[in-house]
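below is the sequence, then the predicted model.
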Amino acid sequence: MFIAREEELSELESLIMKKSSTFTVVYGRRRVGKTETVRHFIQKNNLLSLEVTGVYGATKLTQINAFVRKIERASRGKVLANGKLKEWQDTFFLLEDYIDSLGSEKKVIFLDELPWLDTHRSGFLSAFSEFWNDFCTRRDDIILIVCGSATSYMINEIVKNKKTLHNRVTHKLNMYPFNLRATKKLLEAKNCRYSDKSIVDTYIVLGGVAKYINDMDCSKHQLENISYQCFSKNGLLVTEYQELYESLFKNSQWHYKVMNLLSSKWSGYIQKDIAKELNTSASVVKIVLEELELSGFITSVTKFGQKTREKIYRATDSFSYFYNKWMKKHSNIEWQSIALSQQYKIWSGFAFENICHIHTDEIKKVLGVLGVNTQTHYWSHKGEEKGTQIDMLLEYIDGSKNIDIIECKYHDDEFTISKKYYYELKNKISVFNEETKYRYNIRIIFVTMFGVAKNEYYNELVYKDILMKEVMH
């Protein structure tokens, strides 16, 4: 069962029409569906292919033996190694012989989990570079695709390689988790009869990681699934958090520490404060933040109105938030009571706001402004008595001076703007206008599950309210 990934498939399918060989790097967090997407592309287009997967923790010789075996089996005995090969250069020479035997039609060479093939001082990368530079580039029929979850490696050793692979990559495909629409599609394909709210509740915990969603048992209630996956001893996600960063990043202890910190504060931190909190250098933090952002775990937004345009880094990975708040400290029995508590509902409200940040493009689409250039900001002001803040501010950078203040409210039924909340909103707008010298046209947008009651406060303040089902469809 293959769901969504239309954009990724379209990019891969464009490679078929290229008049030269192509070298594509696919990267992203583990369990997000990288391998399945490449395989579906090959199958859908009925392409000749060879797939070789690195073996985690295996020795150089074990990796080479497995690679050679794949070539020999794919050629059905027509291409054979003379004895046991010990060097990567000889292995790639054998691969070249196999490719020569296939004729001139387009063919895919898919090296999955590439970082695992490149064991310490193995000579893999130089032999691989020679294969691309001296063999593939002289032909027009090879679609070389390399894939790996270890983002540090894929970015630094392949995409940003300063030596033999410098500027050799022709295409990059960074795969992110599913959005709500694709998550709903996958659950429906699995015959999960979940309401839109239950799907949002699932996304609050699991995000859009394909494997997490696909592992759900559709005969169980959404909360039962979370209980089993996250808290039972055999659950898929019980040890996932620690393993996740170890599998993705070199020196992963810093990525782990940064994510722990960012997952503890919804509004995020600036870079220097992260370094201070973790008692490390700004240079260490800078690299870690870049890699986490490339992998889709965090996003950076500028604080509106600051000349320095200093970035605020926020965690956006749903599972990391859930792990640090609930899984780290509670047992399965405790979770079952927590899931129905007011404390969890309050936390879910913040998690819902995070989902709105993740789905900014979808919100813009509902507003009819998807094609307009915008920037998302965080804004706050410390007053003498009490401060005010806007967690999601959408600035239109088309010269219009329009600003949307987006309020994300997570309720079990229709949300009602009370008199107290009305004055809080009025105060937000007033303080913002005063601080920005009344330069902007303000609109208030609400995003909710079940809409906003059309009372007198709504009619005075709200430009539009968006239902989450509109974001999902």
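Happy to help now that I have it.

how much space between the residue lying closest to residue 137 once chain neighbours are set aside and residue 276?
If the residues on either side of it in the chain are set aside, residue 137 comes closest to residue 21, at 6.2 Å by C-beta to C-beta, 6 or more residues apart in numbering. In short, each C-beta sits where N, CA and C put it, glycine included. Counting by C-beta to C-beta, to the nearest Å, the separation of residue 21 from residue 276 is 48 Å.

chain center to stretch 379-392, what's the gap?
30 Å (C-alpha atoms, centre = their mean, to the nearest Å).

err, stretch 200-215, not the other one
12 Å.

pull up the distance across that stretch, start to finish.
17 Å (C-alpha to C-alpha, to the nearest Å).

please apply the same query to stretch 227-239.
14 Å.

what comes up buried for that stretch?
Buried positions in stretch 227-239, judged by neighbour count with 16 or more other C-beta atoms under 10 Å: 227, 228, 229, 230, 231, 235, 236, 237.

could you identify the most distant pair in those?
Farthest-apart pair in the buried residues of stretch 227-239 is 227 and 236; separation 12.4 Å (C-beta to C-beta).

quick check on the residue nearest to residue 137: phi, psi?
Note on residue 21: its backbone torsions stand at phi -70, psi 150 [degrees, to the nearest 10].

one step back: and which of the buried residues of stretch 227-239 is nearest to residue 461?
residue 230 (38.9 Å).

so that closest one touches residue 327, yeah?
Yes: counting by C-beta atoms under 8 Å, residue 230 does reach residue 327; the two are 5.5 Å apart.

overlap in contacts, the two.
237, 238 (C-beta atoms under 8 Å, 6 or more residues apart in numbering).

returning to that earlier point: which of the buried residues of stretch 227-239 sits closest to residue 91?
residue 236 (34.5 Å).

my guess is the closest one meets residue 229, correct?
Yes: the criterion here is C-beta under 8 Å, and residue 236 meets it with residue 229 at 5.2 Å.

joint contacts of those two?
With C-beta under 8 Å, 6+ apart, residue 236 and residue 229 have common neighbours 212, 215.

next structured bit after the host helix or strand of residue 293?
Taking DSSP states H and E as the criterion, residue 293 maps to helix 282-294. Sequence order places strand 298-303 as the next helix or strand after helix 282-294, per DSSP H and E.

for stretch 99-109, the averaged confidence score.
The average pLDDT for stretch 99-109 rounds to 96.

endpoints of that stretch, how far apart?
9 Å.

shaky segments in the protein?
Confidence mapping of the chain against pLDDT under 70 gives the ranges 307-308, 384-385.

now with 80?
Counting by pLDDT under 80, the chain has low-confidence residues at 1, 303, 305-309, 383-386.

quick revisit: neighbour count: residue 21 and residue 276, which is higher?
Set residue 21 next to residue 276 and count neighbours by other C-beta atoms under 10 Å: residue 21 wins out with 21 against 13.
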